[in-house]
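1. Provided below for reference: sequence and predicted model.
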Amino acid sequence: MISVLRQIGTQWKYTLLALSVSSAVFSFAIWLPNMSLIVTVVSSQTLPWYEKLSFVWSLYGSIRSNFSLMSATYTIAIALLTGMNVALLTYYIRRVRGGVRSIANSGVTGITGLASGVFGIGCASCGTLVIASVLAVFGALGVLSILPFGGEEFGILGMLLLGYATYTLIKKINAPLVCSHTPVQSG
């Protein structure tokens, strides 16, 4: 398992891909709760571009102040696992060169984990942002109050599913590229 991560991690294109995807997912998670504020500041005609950029950059500090320890932990883990998952999946697909051999389960698990993680994004003061918005549309916001962690379960579930998808991809990369089924002998 470690050998696969080391093997892929030494190839700069996969490392760059993993870091880029991780950064994009982390940025999305940090910026999503502040999207209307970002749009207001960025579309302002009176602020110079460097102040707009400085403001957007300063929002990364909200991981310490606006997120609980649990939500900050799974937000970072989801970003890192998503980056690893995309890099591993890209490596695997290129390795089998078009013969996308049984990656459906890992891909579905990874996408499900990412979606669940997105539903768990939120801050300490407002709770889970996306799931609260979705439930409010259906008038079911009270559902979050019966959950023990107020909806943070979705982030934890996303982290676990992405971890499992990453594990299964590593197993598939370690597996030989031959058919594992033996022919039935007639007798």
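-> That came through, no problem.

2. and the gap between the residue found closest to Gln11 once you drop the neighbours it is linked to in the chain and Gly9?
-> Leaving out its chain neighbours, the residue that sits closest to Gln11 by C-beta to C-beta, 6 or more residues apart in numbering is Tyr91, at 7.9 Å. For every residue, glycine as well, the C-beta is placed using N, CA and C. Going from Tyr91 to Gly9 by C-beta to C-beta, to the nearest Å gives 10 Å.

3. how many neighbours does Tyr92 have?
-> 20 (other C-beta atoms under 10 Å).

4. distance of it from Ala175?
-> Distance from Tyr92 to Ala175, by C-beta to C-beta: 10 Å.

5. re earlier: so which of Tyr91 and Gly9 has more stuff around it?
-> When Tyr91 and Gly9 are compared for neighbours, Tyr91 comes out ahead with 19 against 14, by other C-beta under 10 Å.

6. Verify the stated contact: the more buried one with Lys13.
-> No - checked against C-beta atoms under 8 Å, the pair Tyr91 and Lys13 is beyond contact range at 9.3 Å.

7. sorry, back to before: any common contacting residues for Tyr92 and Ala175?
-> Between them, Tyr92 and Ala175 share no contacting residue under C-beta atoms under 8 Å, 6 or more residues apart in numbering.

8. Select the longest helix from this structure.
-> helix 69-96 (DSSP state H).

9. mean confidence score for that one?
-> Across helix 69-96, pLDDT averages out at 86.

10. Show me what that helix is packed against.
-> In terms of contacts (3 or more C-beta pairs under 8 Å, 6 or more residues apart in numbering; DSSP states H and E), helix 69-96 is packed against helix 2-9, helix 12-31, helix 62-65, helix 104-119, helix 153-174.

11. Please consider this matter closed, and thank you.
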